[in-house]
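> Turn this into a model:
(one chain, ligands or ions: 2)
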Amino acid sequence: MKIHNPIKNNHKGDILDNSIYTQKDPLSEILIPQYYRGRIVFRAEPSQHAKEMLEDICPTKAFEKSQMRQFSVDHGKCITCGKCSDKFPEFINIENKFARSVKNRDSLIEISTGEKTISDKPYEEIGHDLKNKIQKLFGRSLAIRQIDAGSCNGCEIEITALNNPIYDIERFGISFVASPRHADVLLVTGPASRNMEIALKRTYDAMPDPKIVVAVGACACSGGIFGDTYATTGGIDKIVPVDVFIPGCPPRPQALIYGLFLALNKKI
Ligand code: SF4
Ligand code: SF4
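Ligands and ions are numbered 1, 2, ... in the order given. Below is the predicted model of the structure:
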């Protein structure tokens, strides 16, 4: 009699093979769905009428036309709602690539001529450099304390995914810890509600030096959809010094890993 062995028969549906595999390259774009709304790009310089309309329809006021600067989009404010690209597809496109993390808040602002204020190398290149660095430093670890400073929990869901079998961030020596006293990185979500202001500052103060602060999502970068109101501070950099800004609403796991690698690079 033939006995069914689930260990030997590695086809779909077997107990030990649920077709979920840890990705060797978590920065791979293969993991990004075709219709994922990621980064805003200008196809062409919008007309004067379009600029005025864009400033009006964007719920987070991510578009800006000032006398000092050309028409620009602030990736730190964009919640990728798609209203701008739906209205003016001839001028605006939303790529399915995530907006890159940066070390400087101003680097999230991109002008419409296509000339980027981001001085960093393309993310594929940086990702490659950082992965090499991680490999060289294998054995070293990075401890993260995550703090929710008033988020909608969308960012937390993506952060939680970092520990699932697909992304498995612990293989890089990166782990989440319960106490700020054990942490190297403070990963903050939310616009920093006024109610969380003191808790955020105390958590930061409790961390040993050197410490890194990473702002996760449009809310933490700029206030996002919550903005700057009586109840919110309009971005965590108003409370604690931020080293790396990760845009997105929410940033997908690859974007988080990229931001953490950037933070690790800064630390080393
Ligand atoms: S996709 Fe971003 S930039 Fe466009 S309208 Fe929505 S929030 Fe504004
Ligand atoms: S950035 Fe978006 S997903 Fe993250 S907390 Fe803010 S609203 Fe929620």
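> What residues does Glu197 make contact with?
Glu197 sits next to 149, 233, 239 when contact means Cβ atoms under 8 Å, 6 or more residues apart in numbering. Where you see a C-beta, it was placed from the backbone N, CA and C, and this is true even at glycine.
> Most neighbours among the residues you listed, please name it.
Among the contacts of Glu197, the one with the most neighbours (other Cβ atoms under 10 Å) is Ala149, at 25 neighbours.
> Can you report how many residues lie near the residue nearest to Gly217 when sequence neighbours are not counted?
Leaving aside its sequence neighbours, Gly217 sits nearest to Cys155 (Cβ to Cβ, 6 or more residues apart in numbering; 4.3 Å). Number of residues near Cys155 (other Cβ under 10 Å) recorded here: 27.
> by contact count, what packs against the strand or helix carrying Cys155?
Assigned by DSSP states H and E, Cys155 belongs to helix 154-161. Secondary-structure packing of helix 154-161 (3 or more Cβ pairs under 8 Å, 6 or more residues apart in numbering; DSSP states H and E): strand 142-148, strand 185-189, helix 217-222, helix 253-267.
> Export these to TSV and append columns for distance to Ile169.
Formatted as TSV, the helices and strands packed on helix 154-161 follow (distance: least, Cβ to Cβ, whole Å):
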stretch	distance to Ile169
strand 142-148	9
strand 185-189	11
helix 217-222	17
helix 253-267	7
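> residues from the protein in reach of ligand 2?
Contacts of the chain with ligand 2, taken as Cβ under 6 Å from any ligand atom, map to 79, 151-152, 154-155, 189-190, 217-219, 224-225, 249-250.
> Comparing the helices and strands packed on helix 154-161, which yields the minimum mean pLDDT?
Among these, helix 253-267 carries the lowest mean pLDDT, a mean of 78.
> Give the residue spans of the stretch 101-250 of the chain that score low on pLDDT.
Applying pLDDT under 70 to the stretch 101-250 of the chain flags residues 111-140.
> at 80 instead, please
Low-confidence segments of the stretch 101-250 of the chain (pLDDT under 80): 110-141, 171-173.
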